[in-house]
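> pasting a predicted model and its sequence here:
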Amino acid sequence: MIPFAIAKIGHQYVLFGIAALICLITFVTLILSPALSGSSRLWEKAAAGTLSLFVLAALIVGGVVIGLVVVKYWPEIHEFIT
């Protein structure tokens with residue numbers, strides 16, 4: 001039953017899901033883990049985790065903005081490249 005459900009999903013969505021998973025693993029490995037291990041008290045770990053979530057939100061917003069700019073100006077970008 002599951003392979004049939006996966007077969008109905010477009011390959012773009014699977015690739016986007018894999019990319020999102022890789023980005024999340026990278027965030028946890030490179031940003032969240034060092035932030036949490038750098039402090040000893042519980043409230044410091046909570047503050048570091050909260051600030052790390054702000055960093056994640058900023059990265060997501062930045063990626064979305066860059067993506068929208070590329071989509072909006074794609075004809076000019078393509079003309080400039082070729």
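Thanks, I have the structure now. Remember, predicted model here, so these are calculated numbers, not experimental data.
> for the rest of this, base every contact and every neighbour count on C-alpha atoms.
Noted.
> got phi/psi on Ile9?
Phi and psi for Ile9, reported as degrees, to the nearest 10, are phi -80, psi 130.
> distance of it relative to Thr50?
Ile9 sits 34 Å away from Thr50 when distances are taken as C-alpha to C-alpha, to the nearest Å.
> could you do Leu59 as well?
Distance, Leu59 to Thr50, using C-alpha to C-alpha: 14 Å.
> next: Ser40.
According to C-alpha to C-alpha, Ser40 stands 15 Å off from Thr50.
> if you count what's nearby, which of these two comes out ahead?
Using other C-alpha atoms under 10 Å, the more surrounded residue of Ser40 and Thr50 is Thr50, with 13 against 9.
> and the more buried one, what helix or strand is that in?
Following DSSP states H and E, one finds Thr50 within helix 42-72.
> so which elements touch that helix?
Helices and strands touching helix 42-72, by 3 or more C-alpha pairs under 8 Å, 6 or more residues apart in numbering; DSSP states H and E, are helix 33-37.
> what are the buried residues along the helix it packs on?
Neighbour-count burial for helix 33-37 flags 35-36 (criterion: 16 or more other C-alpha atoms under 10 Å).
> CA atoms of it as PDB?
Extracted in PDB, the C-alpha atoms of helix 33-37 (Å, rounded to 0.1, in the frame of the first residue of the first chain):
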ATOM      1  CA  SER A  33      24.200  21.000  18.900                       C
ATOM      2  CA  PRO A  34      27.100  23.400  19.500                       C
ATOM      3  CA  ALA A  35      24.700  25.900  21.000                       C
ATOM      4  CA  LEU A  36      23.300  23.400  23.400                       C
ATOM      5  CA  SER A  37      26.500  21.800  24.400                       C
END
